[in-house]
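J.: Return a 3D structure for these sequence lines:
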Amino acid sequence: MARQFARWFGIIYILVGIVGFIPGINVMSMPEMGVTAGTSYGHLLGLFPVNAVHNVVHLAIGIWGVTSAGSFATARTYARSIAVLYGLLAVAGFFPGLNTLFGLAPLFGYDIWLHALSAIVAAYVGWGTPAETAAA
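T.: Have a look, this model is predicted:
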């Protein structure tokens, strides 16, 4: 289960990173709420605020996931790391200054809930995977 999570989470985040640069899918707009890195700023699918920095991070997390899917141990570590990272990002989204990563990437709005959901799923996979799966 951890290997499938890493592979599919990685693929999804690579795709999200790519489409974040495509006008139309990313509804471009002027940066808001203190985001100073305005390149490719917009709302992915009209909902999720993203910019170039955010998109590159999505690509990196996706590539990390796909490369981690090779073994149970690395996939589990990836899931646990994503749980912690995305949990922190979800919490940061509620605090001014932190909700833009000091102006670098938007973490507010629907991103908070997407990061929280990603953290919960990753935590379940990372810490809830049965020991039998490790042997398989």
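J.: Go through the chain and flag its longest helix.
T.: Among the segments of the chain that qualify as a helix by DSSP state H, the longest is helix 72-92.
J.: and that helix, how far out from the chain's middle?
T.: 10 Å (CA atoms, centre = their mean, to the nearest Å).
J.: Do me a favour and average the pLDDT over that helix.
T.: When pLDDT is averaged along helix 72-92, the result is 96.
J.: What lies in contact with stretch 43-61?
T.: When contacts are taken as CB atoms under 8 Å, 6 or more residues apart in numbering, the neighbours of stretch 43-61 outside the stretch itself are 10, 13-14, 16-21, 25-27, 29, 31-32, 35, 37-42, 82, 101, 104-106, 108-111, 114. Where C-beta positions appear, they are placed from N, C-alpha and C, glycine not excepted.
J.: Next step: those residues restricted to strands.
T.: N26, V27, G42 (DSSP state E).
J.: Buried ones among those?
T.: Neighbour-count burial (16 or more other CB atoms under 10 Å) is assigned, among the ones in strands among the contacts of stretch 43-61, to N26, G42.
J.: Just give me the closest of the ones in strands among the contacts of stretch 43-61 to T67.
T.: Proximity of these to T67, judged by CB to CB, is greatest for N26, which lies at 25.6 Å.
J.: Surely the closest one is in contact with V16?
T.: No. With contacts defined as CB atoms under 8 Å, N26 does not count as touching V16, sitting 10.2 Å away.
J.: any idea how far the spatially most central residue of the chain is from A2?
T.: The chain has H58 as the residue nearest its centroid, 5.5 Å off, counting by CA atoms, centre = their mean. Relative to A2, H58 is positioned 20 Å away (CB to CB, to the nearest Å).
J.: do the same with V19
T.: According to CB to CB, V19 stands 26 Å off from A2.
J.: Next: S71.
T.: When CB to CB is the yardstick, S71 and A2 sit 9 Å from each other.
J.: Looking at the two, which is more packed in?
T.: For the pair S71 and A2, the greater number of neighbours falls to A2 (25 against 13), based on other CB atoms under 10 Å.
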